[in-house]
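In: 3D, please:
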Amino acid sequence: MKFFFTMNMQSRSGNPTHQVVGMVKGVNSLKNLLEVMQDSDFMIVEEFYKTTDGNGYFSRGETILNTMHIGKVKPEG
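Out: Predicted coordinates:
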């Protein structure tokens with residue numbers, strides 16, 4: 001399940017917030033993700049970028065997110 005993570009940090013392009021689309025292994029609901037985030041300062045996320053046509057996503061591999069800098073999370077779709 002993919003999630004939109006809105007980070008409390010500036011993006012590389014200069015926007016005041018940064019959004020990451022990602023999946024966390026073994027997480028299949030928002031409630032389950034909350035449990036993971038409450039138990040961790042950091043978590044590994046498979047990050048996805050939008051395709052050039054805007055109709056889908058492609059994997060950019062794994063990255064680590066600091067849960068203390070996540071301001072909002074919502075399921076993709």
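
In: going forward, measure contacts between C-alpha atoms and count neighbours the same way
Out: Fine.

In: What separation do you get for the residue of the chain positioned farthest from its centre and Asn15?
Out: Distance from the C-alpha centroid of the chain peaks at Asp53, with 20.8 Å (C-alpha atoms, centre = their mean). According to C-alpha to C-alpha, to the nearest Å, Asp53 and Asn15 sit 22 Å apart.

In: show me where pLDDT drops low in the chain?
Out: Nowhere does the chain drop to pLDDT under 70.

In: Run through the strands of it in chain order.
Out: 3-7, 18-23, 42-50, 57-66, 70-75 (DSSP state E).

In: Convert the C-alpha atoms of the second one to CSV, please.
Out: Output in CSV follows, covering the C-alpha atoms of strand 18-23 (Å, rounded to 0.1, in the frame of the first residue of the first chain):
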residue,chain,number,x,y,z
HIS,A,18,8.3,18.0,0.8
GLN,A,19,6.1,15.1,-0.2
VAL,A,20,7.2,11.5,-0.5
VAL,A,21,5.2,8.7,-2.0
GLY,A,22,6.2,5.4,-0.4
MET,A,23,5.5,1.9,0.8
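
In: Which neighbours in the sheet does it have, and how are they oriented?
Out: The pairing partners recorded for strand 18-23 under DSSP bridges are strand 3-7 (antiparallel), strand 42-50 (antiparallel).
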